[in-house]
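J.: Give the three-dimensional model of this entry:
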Amino acid sequence: MWHALLRRRGPLPRDRFRSDDGMSTAEYAIGTLAAAAFAALLYTVITGDSVVSALTSLIERAISVSF
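T.: The predicted structure is shown next:
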């Protein structure tokens with residue numbers, strides 16, 4: 001019964017500000033920037049000398065294993 005009373009009076013004040021119009025574009029922009037920053041950080045880490053030498057030694061050990 002109280003639902004009918006709320007419907008007659010119109011939307012509540014808190015419901016007026018629930019619109020998400022325009023938010024998806026901003027969210028996509030933030031997500032794209034975050035992905036680009038993460039990719040740049042990952043590229044920097046992977047191309048660092050310690051990672052390259054560790055991967056090289058791992059591959060050399062894997063190739064030199066005798067069965």
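
J.: Please count neighbours and contacts with C-alpha atoms only from this point.
T.: Fine.

J.: could you pull out the helices for the protein?
T.: With DSSP state H as the criterion, the chain has helices at 2-9, 23-46, 49-63.

J.: As TSV, these with mean neighbour count and mean pLDDT would be great.
T.: Below are the helices of the chain laid out as TSV (neighbours: other CA atoms under 10 Å; pLDDT from 0 to 100):
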stretch	mean neighbour count	mean pLDDT
helix 2-9	8	59
helix 23-46	12	91
helix 49-63	11	92
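
J.: what residues are up against Leu55?
T.: Neighbour list for Leu55: empty [criterion: CA atoms under 8 Å, 6 or more residues apart in numbering].

J.: what's the answer for Val52, then?
T.: Ile46.

J.: ok, 10 Å please
T.: Taking CA atoms under 10 Å, 6 or more residues apart in numbering, we find Val52 in contact with 45-46, 58.

J.: Same question for Ile30.
T.: 24, 36.

J.: From Thr44, how far off is the residue nearest to Val45 when sequence neighbours are not counted?
T.: Nearest residue to Val45, sequence neighbours excluded (CA to CA, 6 or more residues apart in numbering): Val51, at 7.2 Å. According to CA to CA, to the nearest Å, Val51 stands 10 Å off from Thr44.
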